[in-house]
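Colleague: Sequence and predicted structure below; questions after.
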2 protein chains.
Amino acid sequence: MSEVQLRDALDSLKGTGVRITPQRHAILEYLVGSTSHPTADDIYKALEGKFPNMSVATVYNNLRVFRQVGLVKELTYGDSSSRFDFVTTDHYHAICEDCGKIVDFHYPGLDEVEQLASHVTGFKVNGHRMEVYGVCQDCSVKKEAH
Amino acid sequence: MSEVQLRDALDSLKGTGVRITPQRHAILEYLVGSTSHPTADDIYKALEGKFPNMSVATVYNNLRVFRQVGLVKELTYGDSSSRFDFVTTDHYHAICEDCGKIVDFHYPGLDEVEQLASHVTGFKVNGHRMEVYGVCQDCSVKKEAH
DNA sequence: TACACTATTTATAAAGATTATAAAGTAAGG
DNA sequence: CCTTACTTTATAATCTTTATAAATAGTGTA
């Protein structure tokens, strides 16, 4: 399942003339296998064992490359650092305001909103972003147990 | 119009036991009168004339206070610094990918999305955030004139 | 397989945004 | 007017991200 995604991603990179380095391979592999929406530093730390000499800059550089190619989305929330998300199917995020957990959920695309926005603002609309904020079940339970 | 908003905001602060300092007054006044979604530094620079000794920390501290009280929303996009938006009625943002311009547009709240998200994820949902991305008219025209 | 060309990595420093700290100042209630 | 606790200021520190230049390593080609 995720091996297919990884292979597709690598093919996609080759198609745009981006070289496949071991570091890039590992970063992509980590992103594909991850459901935790890691930060650049998370990735850096996770690959430290395999690449003791890898630079943080490499992680940032490649995340930017992946983003430009469209393989990865950058999520910027209020907190300090960006999180990165391997792009699969269209989905949105629910974010816990207590513990920061991010849970995916699917919803039919908000095409109607895009159309209205385009009409009202005169923009040529390319896409949108949406997140839902709240408190996850774990944190709700913890609160009730006060 | 905006004087009312400002007065309401000040009352709202008083109600939560936050002191009204000249700096806070000025920052709020600037936010109410601004349609440009300023960064902390924008605000700092704008009030430099009136408060030559004001510290950047003051701006950040107060923006955080305002956010906690619910007077202000923090907008975090991919770029370096957060933007701050005085909360009035519910509206969303269309953002130009070329020049960065932010245009407000109204849309009936996405309650349905919140409900679905709550159902699927088990979250107690408090709110959401959405933006539309695209190219504004000015930039479209510039492109066509190449 | 070996070569050459160029993209990429590394190591380091620099930039930029935000926060922490402690001393000095000041709003607000009594 | 006074007191007290909250704020501001000034400064330094932290943290994320980017820039730079030298060393390294993919990839197409012979």
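Modeller: Alright, I've got the coordinates.
Colleague: so how far is the least confident helix or strand in chain A by mean pLDDT off the chain centroid?
Modeller: For chain A, counting by mean pLDDT, DSSP states H and E, helix A:111-121 ranks last in confidence among helices and strands (a mean of 75). Helix A:111-121 has its average C-alpha position 25 Å from the chain's average C-alpha position, going by Cα atoms, centre = their mean, to the nearest Å.
Colleague: Can you list the helices and strands that the next helix or strand after that helix packs against?
Modeller: Read in the C-terminal direction, the helix or strand following helix A:111-121 is strand A:124-135, with elements assigned using DSSP states H and E. Other elements packing on strand A:124-135 under the criterion 3 or more Cβ pairs under 8 Å, 6 or more residues apart in numbering or on different chains; DSSP states H and E are strand A:92-96, helix A:111-121, helix B:111-121, strand B:124-135. The C-beta positions use only the backbone N, C-alpha and C, and glycine is treated the same way.
Colleague: Now the least confident helix or strand of chain A: buried residues?
Modeller: If you call a residue buried by 16 or more other Cβ atoms under 10 Å in any protein chain shown, then helix A:111-121 has these buried ones: A:113-114, A:116-118, A:121.
Colleague: Determine the set of other helices and strands touching that helix.
Modeller: Helix A:111-121 makes packing contacts with strand A:124-135, strand B:92-96, strand B:102-105, strand B:124-135 when contacts are defined by 3+ Cβ pairs under 8 Å, 6+ apart.
Colleague: Quick check: A:His128 vs DNA strand D, distance?
Modeller: 21 Å (Cβ to the nearest atom of the strand, to the nearest Å).
Colleague: Give me the neighbour count for that residue.
Modeller: By other Cβ atoms under 10 Å in any protein chain shown, 20 other residues sit near A:His128.
Colleague: Near DNA strand D, which residues of chain A are found?
Modeller: A:14, A:19-22, A:39-41, A:55-57, A:60, A:64, A:80-82 (Cβ under 7 Å from any atom of the strand).
Colleague: Spell out the residue ranges of the helices in chain A.
Modeller: With DSSP state H as the criterion, chain A has helices at A:2-15, A:22-33, A:40-46, A:56-69, A:111-121, A:137-144.
Colleague: And these, which one averages the lowest pLDDT?
Modeller: Among the helices of chain A, helix A:111-121 has the lowest mean pLDDT, at a mean of 75.
Colleague: mind giving me TSV with the helices and strands packed on strand A:124-135 and columns for distance to A:Ile102?
Modeller: As requested, these are arranged in TSV below (distance: least, Cβ to Cβ, whole Å):
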stretch	distance to A:Ile102
strand A:92-96	5
helix A:111-121	22
helix B:111-121	10
strand B:124-135	13
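Colleague: between those, which gets nearest to A:Lys142?
Modeller: Ranking the helices and strands packed on strand A:124-135 by proximity to A:Lys142 (Cβ to Cβ) places strand A:92-96 first, at 11.1 Å.
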